[in-house]
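Engineer: Have a look at this prediction, sequence included:
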2 protein chains.
Amino acid sequence: MNGGQYEAGARGPTLANVAKITGYHVSTVSRVLNGSTVAGVRAASPAAAERIREVARELGYRPNAAAIALRRRRTRLLGVVMARMADPVLATIYEGIEQAARQRGFHPLAVNSWEDPDTRRECIEALMDHGVDAVILGDSTVDGAGLDLLATRKLPFVLVNRGVEGHPSVTCDDHAGGRMAAEHLLDLGHRRVGVLAGLPLAGNAIGRTEGFLDAFRAAGHPVPAERVVRSTFDIAGGRMGAERLLRADPAPTAIFAVSDSAALGVLGCLRDHAITPGAGVSVVGFNDVPMAAELTIPLTSVRSPLRRIGEESVNQLMRLMSGQPAQTLRLTPELMARKTTAPRA
Amino acid sequence: MNGGQYEAGARGPTLANVAKITGYHVSTVSRVLNGSTVAGVRAASPAAAERIREVARELGYRPNAAAIALRRRRTRLLGVVMARMADPVLATIYEGIEQAARQRGFHPLAVNSWEDPDTRRECIEALMDHGVDAVILGDSTVDGAGLDLLATRKLPFVLVNRGVEGHPSVTCDDHAGGRMAAEHLLDLGHRRVGVLAGLPLAGNAIGRTEGFLDAFRAAGHPVPAERVVRSTFDIAGGRMGAERLLRADPAPTAIFAVSDSAALGVLGCLRDHAITPGAGVSVVGFNDVPMAAELTIPLTSVRSPLRRIGEESVNQLMRLMSGQPAQTLRLTPELMARKTTAPRA
DNA sequence: TTGTAGGCGTTATCAA
DNA sequence: TTGATAACGCCTACAA
């Protein structure tokens, strides 16, 4: 079958090779090369260790991950489930995860669930099949779908981006972020506002929406239900949601979208309606992805520390893996006021 | 160390378990469960096979990936090296890769090289350590840095996004794309144009730039070297490059950026200079990421089939792994003319 | 300080 | 059609 051009299973030198050359036994070589200790002392004579390490280096010895995984029951693989990688928010979180994981000698195995519960289950099962040591979930829904799989195998996991009651998670303080957006709009005099509330089962969307609605209610201007519309987090969702909000008469003077991508969809929609963002209808996004600041009319957005969220999730996972409890972290967002928000005309 | 709450190495039922229950020998169970054949016939009596499969299902048996990897010398893991995941272009290509790989029972192991040669080598080595069956490289430079690592291990690999002479790759037809951008601007009457040429060692940037410059030269309006500036592909790169181009007197009437992110940086820069994209300075990007069409002044861009590029790279890898030669594919781009380009004032 | 032996879960080979 | 056996590369008691 194979033309011989490639040897998929080509392996490098093994411990046995190093052993044969040095004249030491495999077990000795193993001890030296992974620096194991007996009673706190390095378990090999300095001379032996030196020689063995030298030969290993010359040979280009690299430990075989499969063998180690089989023997030690750990792979140093971290499963990561995301809704979709091309979402700039998730991709940035992933970057944080990847970097933090690599610093600790772990590698992320990333899969996309496409917001689909069945696919999510498949993803998690596939990750477990590959023997990942732990899992980071970036696509959870508040019903906790799929978490049972991890629980039954007692596999450590941390939620990221979207929290679920009763499980450790690292997220933005979404409620606070929603409130910031609301207070900004209230300060600018907006009273009749619309909300693109994101997916109904996503914890981050729920938090942001509630924070926003709470603040408006507290200010004495509750937002009626028909001006809170569900949507996906992407551009298309924002566009459709905005279409619907703008159909109302009178239309809202401001729109809060729980993601920047959705906010971008809103901007596209406003353009089609010949409405100027800011001057016509104010728009607030969430996350402050790099694009937001560069738009011709730069987007007001609630900044969330995406990379740090990713990094912290790995930290918490390390805690879990070493037997400590994981904390649930809510990192503080920050409002970046820009030109898509302006005082009510 | 471990508090007992989690068992990192918890494993499910094994072949031995199934064997004990069914009364068959492990080897028989193995033969049944992985559907191996002897002389084209399934190597077990139908009754036995039935029973074994039933027990395996009841027990929730899942094969141990580490053991299989050790024994069969294949992991069904695909290494993927990207410059950075949060780049929307790379993330979209990755989505294509992930989907195609999963359909074939493979899983991508994705690492970010951050455009750094040393990090790239580390990435590739780490992937090999984990025993990936093949590698997709999305961050190659025309000098082929790091490819030697793969060659010495005879590991199949395919380049994606950026080609390198002499190696199979799946890319956009960058030269054609650059030409399209040029012809569009030429049609609109632009003669004094600037180019944000991307990273000097990136094959895609080189192709796009050359295609563009060739077309202008052919039209009798060669672009002088000082109006071709190197840059990174991201927003910051576009912004800095645009600053530099605009400092010239007379400034160019149009700018071609080899990526949409850079084009977005250009738009931000134009805004700061109070120049209207299109009416003032025309701007063309590359890739047509979803954002482009939604901007308040939508971005003219050369669309490249990112997802298909990712999918095709997996196809080519499958060919390589089955001993067939891989093809080098150049998928055709398409110009999406929008509002950031307008006839020369 | 070093060697020996056994096994992690699976599969390939050989024998029955 | 099925069973026995060895081996993939590594690690870890235990013995020397």
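Structural biologist: Received, thanks.

Engineer: can you pull the buried residues of the host helix or strand of residue A:28?
Structural biologist: Assessed by DSSP states H and E, residue A:28 sits inside helix A:26-33. Buried residues in helix A:26-33, counted by 16 or more other C-beta atoms under 10 Å in any protein chain shown: A:28-33. For the C-beta atoms, the positions are set from N, CA and C on the backbone; glycine is no exception.

Engineer: Same check on stretch A:280-290?
Structural biologist: A:281-290.

Engineer: For burial, what's the neighbour tally of residue A:117?
Structural biologist: 14 (other C-beta atoms under 10 Å in any protein chain shown).

Engineer: Please name the nearest non-neighbouring residue to it.
Structural biologist: Leaving aside its sequence neighbours, residue A:117 sits nearest to residue A:145 (C-beta to C-beta, 6 or more residues apart in numbering or on different chains; 4.8 Å).

Engineer: The one you found and DNA strand D: what is the separation?
Structural biologist: In this view, residue A:145 and DNA strand D are 36 Å apart by C-beta to the nearest atom of the strand, to the nearest Å.

Engineer: Equivalent analysis for residue A:264, please.
Structural biologist: As defined by C-beta to the nearest atom of the strand, residue A:264 lies at a distance of 49 Å from DNA strand D.

Engineer: on that earlier part again, mind pulling the model confidence for the residue nearest to residue A:117?
Structural biologist: On the pLDDT scale, residue A:145 is placed at 93.

Engineer: give the contact list for it.
Structural biologist: A:117, A:120-121 (C-beta atoms under 8 Å, 6 or more residues apart in numbering or on different chains).

Engineer: and if we set it to 10 Å?
Structural biologist: Residue A:145 makes contact with A:113, A:117-118, A:120-121, A:139, A:164, A:201, according to C-beta atoms under 10 Å, 6 or more residues apart in numbering or on different chains.

Engineer: now for these, which pair is the farthest apart?
Structural biologist: Largest separation among the contacts of residue A:145 by C-beta to C-beta: A:118 and A:164, giving 18.3 Å.

Engineer: And these two? Which one has more around it.
Structural biologist: residue A:164 (19 against 11).

Engineer: As a check, name the ranges of all helices in chain A.
Structural biologist: Along chain A, the segments classed as helices by DSSP state H run A:15-22, A:26-33, A:46-59, A:65-72, A:88-103, A:117-129, A:147-152, A:174-187, A:203-218, A:235-247, A:260-272, A:306-321.

Engineer: Columns distance to residue B:187 on top of those, output as a markdown table?
Structural biologist: Shown next, in a markdown table, are those (distance: least, C-beta to C-beta, whole Å):
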| stretch | distance to residue B:187 |
| --- | --- |
| helix A:15-22 | 65 |
| helix A:26-33 | 65 |
| helix A:46-59 | 61 |
| helix A:65-72 | 55 |
| helix A:88-103 | 33 |
| helix A:117-129 | 45 |
| helix A:147-152 | 56 |
| helix A:174-187 | 44 |
| helix A:203-218 | 45 |
| helix A:235-247 | 29 |
| helix A:260-272 | 25 |
| helix A:306-321 | 41 |
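
Engineer: ok, now which ones touch residue A:89?
Structural biologist: Counted by C-beta under 10 Å, 6+ apart, residue A:89 has contacts A:82-83, A:138, A:161, A:172, A:204, A:233, A:259-261, A:286-289, A:304, A:306, A:309, B:86.

Engineer: Show the pLDDT at the residue in the stretch 51-200 of chain A positioned nearest to DNA strand C.
Structural biologist: DNA strand C sits closest to residue A:71 of the stretch 51-200 of chain A, with a gap of 3.6 Å, by C-beta to the nearest atom of the strand. Predicted confidence (pLDDT) for residue A:71: 94.

Engineer: do the same with residue A:88
Structural biologist: In this prediction, residue A:88 has a pLDDT value of 94.

Engineer: Look up the closest residue to residue A:85, ignoring the ones flanking it.
Structural biologist: According to C-beta to C-beta, 6+ apart, the nearest residue to residue A:85 is residue B:91 (4.7 Å).

Engineer: burial of the one you found, as a residue count?
Structural biologist: 25.

Engineer: what about it, distance to residue A:61?
Structural biologist: 36 Å (C-beta to C-beta, to the nearest Å).

Engineer: Equivalent analysis for residue A:287, please.
Structural biologist: Note on residue A:287: its distance to residue A:61, by C-beta to C-beta, is 45 Å.

Engineer: Without its sequence neighbours, what residue ends up closest to the residue sitting nearest the centre point of chain A?
Structural biologist: Of all residues in chain A, the one closest to the mean position by C-alpha atoms, centre = their mean is residue A:93, 4.1 Å from it. Distances taken as C-beta to C-beta, 6+ apart put residue A:310 closest to residue A:93, at 4.1 Å, once the chain neighbours are dropped.
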